[in-house]
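J.: What would the 3D arrangement of this be:
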Amino acid sequence: MGTLKTEPARVRLDLLAPPVAAAISEWPADAPVDVDDVLVAPIDPDLADTAAFCAAYEVGLDVSANCVVVAGKRDGVVRYAACIILATTRADVNGVARRALDVRKASFAPMDDAVDLTGMEYGGITPIGLPAQWPILVDARVIATPHVIIGSGVRHSKIALPGPALGALPGAQVVEGLARPA
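T.: Just a heads-up that it's a prediction; the model follows:
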């Protein structure tokens, strides 16, 4: 985890966006990953973007995961999903993600929509605490990674947790080939 100074997220809810803090507070006791395995670390918000963050905190791109919000329309209704991919890959938005959303065309959701609908800051959106009706598509490479670093819903911190935990989130689907090497 590089030079990050982590501590259990449940004792540092102040470092999380409100929907993320709520999800951590309501973490099920019978979840496959204990809430104490979900860690948070404060960071410089100016270094929140993946490349800058990894360089500054000595975290490998291969353990840094990004959450991208995608959208598509079907029958006049916009459908959203979160795609969780490693920073060494790119999401297959118009292939795998589009089919998972069951829409004709998918694209990255507009920034304002993503921020408004998630209650999180752009550049910090995370799969923890997303709207319950959204599918969370997790690339199989992510859950094969022992520990990953993801956003915390805000730009001034990051979450560290076991990769398999992301595949166990409510609404999560592990998807082979969701991402391609960058």
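J.: Do a quick rundown of the helices in this protein.
T.: Per DSSP state H, the chain carries helices over the ranges 18-25, 50-57, 98-101, 111-118, 140-143, 163-167.
J.: any idea which of those helices is most buried?
T.: helix 163-167 (a mean of 22; mean count of other Cβ atoms under 10 Å). The way it works is simple: take the backbone N, C-alpha and C, and place the C-beta from them, glycine included.
J.: Contact partners for the residue lying closest to L15 once chain neighbours are set aside?
T.: Among residues not flanking L15 along the chain, S157 sits closest, at 4.0 Å (Cβ to Cβ, 6 or more residues apart in numbering). S157 makes contacts with 12, 15-16, 40-43, 124, as judged by Cβ atoms under 8 Å, 6 or more residues apart in numbering.
J.: Over to L117?
T.: 69, 80, 109, 131.
J.: returning to what we had before: adding distance to L4, write the helices of the chain out as TSV.
T.: Formatted as TSV, the helices of the chain follow (distance: least, Cβ to Cβ, whole Å):
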stretch	distance to L4
helix 18-25	17
helix 50-57	6
helix 98-101	31
helix 111-118	23
helix 140-143	18
helix 163-167	16
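J.: Relative to R74, which of these is closest?
T.: helix 98-101 (7.7 Å; Cβ to Cβ).
J.: by contact count, what packs against that closest one?
T.: If you count contacts as 3 or more Cβ pairs under 8 Å, 6 or more residues apart in numbering; DSSP states H and E, helix 98-101 packs onto strand 65-74, strand 77-86.
J.: can I get the ones you listed in TSV with mean pLDDT, distance to R98 and mean neighbour count?
T.: Listed next are the helices and strands packed on helix 98-101 as TSV, based on pLDDT from 0 to 100; distance: least, Cβ to Cβ, whole Å; neighbours: other Cβ atoms under 10 Å:
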stretch	mean pLDDT	distance to R98	mean neighbour count
strand 65-74	96	6	20
strand 77-86	97	10	21
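J.: what's the closest of those strands to N94?
T.: Here strand 65-74 is closest among these (Cβ to Cβ), at 9.2 Å.
J.: relative orientation of the closest one and helix 50-57 in degrees?
T.: Orientation note: strand 65-74 sits at an angle of 170 degrees relative to helix 50-57 (axes from the mean of the first three to the mean of the last three Cα atoms, to 10 degrees).
J.: List every C-alpha atom in strand 65-74, with coordinates, as PDB.
T.: Once non-C-alpha atoms are left out, strand 65-74 reads as follows in PDB (Å, rounded to 0.1, in the frame of the first residue of the first chain):
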ATOM      1  CA  ALA A  65      -8.700   0.400  -9.100                       C
ATOM      2  CA  ASN A  66     -10.900   3.000 -10.800                       C
ATOM      3  CA  CYS A  67     -14.600   3.200 -10.600                       C
ATOM      4  CA  VAL A  68     -16.200   4.600 -13.800                       C
ATOM      5  CA  VAL A  69     -19.900   5.400 -14.100                       C
ATOM      6  CA  VAL A  70     -21.400   4.400 -17.400                       C
ATOM      7  CA  ALA A  71     -24.800   5.200 -18.800                       C
ATOM      8  CA  GLY A  72     -27.100   4.100 -21.600                       C
ATOM      9  CA  LYS A  73     -30.800   4.400 -22.600                       C
ATOM     10  CA  ARG A  74     -33.400   1.800 -23.100                       C
END
